[in-house]
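Undergrad: Pasting the sequence and the predicted coordinates here, then a few questions.
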Amino acid sequence: MKKVVIFDSGVGGLSVYQEIYALLPQVQFIYAFDNAAFPYGELDDATLIKRTNYIVTLLANQYQADLVVIACNTASTIVLPSLRQQLTIPVVGVVPAIKPAALISQTKSIGLLATPATVNRAYTHQLIQQFANGCDVKMIGSTRLVEMAEQKLRGKLVDIDELTEILAPWQGTVDSIVLGCTHFPLIKQEILLALNHQVNVIDSGKAIAKRVALLLALPTDVAAITSSIKNVTYSSAATSDAAALNKSLNEMQLDIIQDLNYPHF
Ligand code: DGL
């Protein structure tokens, strides 16, 4: 059985996990999140690189994983070179889907919704230059939206008025938006509501799932597995509302959260 480690700072990577699971239910998933250092969008680069490398290599080795997915744009836009040096298995990164958004946009005015760190990354600016040259790319970097997604997975409602206020600069000004943070597909319906359903919304999840299937050379037409593959979840600190979050995880065929026993630097 193939094993895949999926990593994020919090619940965001679950949006990517869900797409991969839908395509590849025959895989065992190890989902890990570094909530002790959440939010990654406000973390300094050196700490982010150190923590991601440590946690991901630890789990990849422990489970003898076949592939790793860094299901976090904030981490992927900076950590992939060092991580790939340390691992011999494929490392798939999730980065903002600028290219499809630029292609689909009629008005050539697009929005990039990401974390504060991702909108500032050189990597992101290179992506825009390479794939959205000639487009007006308006960026919003928001940690508040990341928190809203965390709350939603713990059973709380998203405040649409607050969301509408954050997205106000885009009302009527962009026709396509990129969800450049893996937390945001989890609140896609709310984002659409806040923008009056007037935009195309693009994220990287499905493309990542196809890439994983290709790299693992697995068939994508396997019916849902009823046997007992145990998909496990690890966090680096105790989580708030653990019971509510575990309920959401169970609905996604993930086992309850275990402690990663992350050493404190
Ligand atoms: N889910 C992450 C991303 O894709 C980061 C969220 C955060 O911790 O700030 O960028």
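TA: Happy to help now that I have it.
Undergrad: which residues pair with the nearest residue to Pro100 once chain neighbours are set aside across the strands?
TA: Leaving out its chain neighbours, the residue that sits closest to Pro100 by Cβ to Cβ, 6 or more residues apart in numbering is Ile202, at 5.4 Å. (Each C-beta comes from the backbone N, C-alpha and C, glycine too.) With DSSP bridges as the criterion, Ile202 is bridged to Val178.
Undergrad: what's around Ile202, how many residues?
TA: Ile202 has 25 neighbours, counted by other Cβ atoms under 10 Å.
Undergrad: and it, what is it in contact with?
TA: 97, 100-101, 104, 176-179 (Cβ atoms under 8 Å, 6 or more residues apart in numbering).
Undergrad: Most neighbours of all those residues, which one?
TA: Using other Cβ under 10 Å as the neighbour criterion, Val178 leads the contacts of Ile202 with 30 neighbours.
Undergrad: Tell me who's in contact with that residue.
TA: So Val178 contacts 96-98, 101, 110-114, 202-203 (Cβ under 8 Å, 6+ apart).
Undergrad: so how far is Leu192 from the residue nearest to Pro100?
TA: 12 Å (Cβ to Cβ, to the nearest Å).
Undergrad: Show me what counts as buried in whichever helix in the chain runs longest.
TA: Longest helix of the chain, by residue count under DSSP state H: helix 45-63. Counting neighbours by 16 or more other Cβ atoms under 10 Å, one finds that the buried residues in helix 45-63 are 48-49, 51-56, 58-60.
Undergrad: Any part of it near the ligand?
TA: No. Residues of helix 45-63 contacting the ligand under Cβ under 6 Å from any ligand atom: none, with a closest distance of 9.4 Å.
Undergrad: any chance of the contacts of Val178 in CSV, with pLDDT too?
TA: Shown next, in CSV, are those (pLDDT from 0 to 100):
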residue, pLDDT
Pro96, 98
Ala97, 97
Ile98, 97
Ala101, 97
Ile110, 98
Gly111, 98
Leu112, 98
Leu113, 98
Ala114, 98
Ile202, 97
Asp203, 96
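Undergrad: which among the residues you listed gets closest to the ligand?
TA: Checking the contacts of Val178 against the ligand by Cβ to the nearest ligand atom gives Ala114 as the nearest, at 6.4 Å.
Undergrad: Spell out which residues sit in contact with that closest one, please.
TA: Residues counted as contacts of Ala114 (Cβ under 8 Å, 6+ apart) are 41, 73-74, 96, 124, 139-141, 178, 180-181.
Undergrad: For Val137, give me phi and psi.
TA: Main-chain torsions, Val137, degrees, to the nearest 10: phi -100, psi 110.
Undergrad: Surely it is in contact with Leu127?
TA: No. Between Val137 and Leu127 there is no contact under Cβ atoms under 8 Å: 9.6 Å.
Undergrad: which residues are in contact with both of the two?
TA: Common contacts of Val137 and Leu127, defined by Cβ under 8 Å, 6+ apart, comprise Ile98.
Undergrad: higher neighbour count, those two?
TA: More crowded of Val137 and Leu127, by other Cβ under 10 Å: Val137, with 25 against 22.
Undergrad: which residues sit in contact with that one?
TA: Contacts here follow Cβ under 8 Å, 6+ apart; on that basis Val137 touches 98, 110-112, 128.
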